[in-house]
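Q: Give me coordinates for this.
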Amino acid sequence: MTAFLFPVMLDLEGRPCLVVGGGVVAGRKISGLLDAGARVTVVSPVLASTVLDIARDGRLRWWPREYAEGDVAGFALVMVATDDDAVNARVSAEARRRSVWVNCADDPARCDFILPSVLRRGALTVAVSTGGASPTVAHMIREELELVLPSDYAVLTEVVADVRRALRDRGIAPDAQRWRDALDDEMKRLVAAGRPAEARDRLRERLGV
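A: Predicted coordinates:
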């Protein structure tokens, strides 16, 4: 892995993704992919109970066998999470030969991308990464951010998005400083108090529309 990783948010809606492995770690990756709308295929002789439940619900396709050469073909990205280092190495090597993005759990040297520690507040997503150097530190920082960003930031984001759409429909595009000035403490207080409609009206007023 390089010292600097380019941060990016991927749109995986409807895209085919392969997960090699069916244990608890693989299960977390599967859940994240499904949440992003990906079409998930899992290749593993056995599945952890939580993953098996997802398979039975029809939310993923399961190949109940060992990984085989050629399995990565046709997928947008691959995630590897087995306890067999040789299998992990084979999958990573083949994916790279075929120019398929690959993530290998707990092995940054075999990854084309890594998974950050993620904090979500509705549409607001905060990702913390150490470039694979210390996932524990990334997790710790994410927990600290949870205290700084209360749950009402989800509503705040929705309010701002609504106003932004209305302004865009009218051909109005306030600059960044005007937005920052409009998002004042009173507007945030209204959101925190569960009064989003009033917060929306105040934001429009502060933006002069």
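Q: Every contact and neighbour count from this point should use C-alpha atoms.
A: Fine.
Q: Going by contacts, tell me the helices and strands next to the longest helix anywhere in the chain.
A: Ordering each helix of the chain by length in residues (DSSP state H) puts helix 153-169 first. Counting contacts by 3 or more C-alpha pairs under 8 Å, 6 or more residues apart in numbering; DSSP states H and E, helix 153-169 packs against strand 124-128, helix 185-192, helix 196-206.
Q: Touching the shortest one from outside, list them.
A: Spelled out, that is strand 124-128. Residues outside strand 124-128 that contact it (C-alpha atoms under 8 Å, 6 or more residues apart in numbering) are 116-120, 138-139, 141-142, 153-154, 157.
Q: can we see that at 10 Å?
A: Identification of contacts with strand 124-128 by C-alpha atoms under 10 Å, 6 or more residues apart in numbering yields 7-9, 115-120, 135, 137-142, 145-146, 149, 153-158.
Q: quick one on the thing from earlier: right, and the helices and strands packed on helix 153-169 - which one's nearest Ser44?
A: strand 124-128 (29.1 Å; C-alpha to C-alpha).
Q: Can you name the next helix or strand after that closest one?
A: Using DSSP states H and E, the helix or strand that follows strand 124-128 towards the C-terminus is helix 135-148.
Q: Next, the angle from that following helix to strand 124-128.
A: Put simply, helix 135-148 runs at 150 degrees to strand 124-128, going by axes from the mean of the first three to the mean of the last three C-alpha atoms, to 10 degrees.
Q: Run through who's touching helix 135-148.
A: By C-alpha under 10 Å, 6+ apart, helix 135-148 touches 106, 115-121, 126-132.
Q: Buried ones among the residues you listed?
A: 115-117, 119, 121, 127-132 (16 or more other C-alpha atoms under 10 Å).
Q: and the residues you listed, which two are the farthest apart?
A: Arg121 and Gly132 (24.0 Å).
Q: Now the helices and strands packed on helix 153-169 in JSON lines, please, with extra columns for distance to Asp57.
A: Shown next, in JSON lines, are the helices and strands packed on helix 153-169 (distance: least, C-alpha to C-alpha, whole Å):
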{"stretch": "strand 124-128", "distance to Asp57": "28"}
{"stretch": "helix 185-192", "distance to Asp57": "38"}
{"stretch": "helix 196-206", "distance to Asp57": "37"}
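Q: Show me the one of the ones you listed that comes nearest Arg170.
A: That would be, of those and by C-alpha to C-alpha, helix 196-206, which comes in at 12.6 Å.
Q: what separates the closest one from the chain centre, distance-wise?
A: 30 Å (C-alpha atoms, centre = their mean, to the nearest Å).
Q: I figured Pro16 hits Ala36, correct?
A: No - contact criterion C-alpha atoms under 10 Å: Pro16 and Ala36 do not qualify, at 11.5 Å.
Q: show me the contacts for Val91.
A: 20, 67-72, 78-80, 97, 102-104, 110.
Q: Of those residues, select the buried ones using a ChimeraX command.
A: The following ChimeraX line selects those of those that are buried, judged by 16+ other C-alpha under 10 Å:
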select :20,67,71,72,78,79,80,102,103,104,110
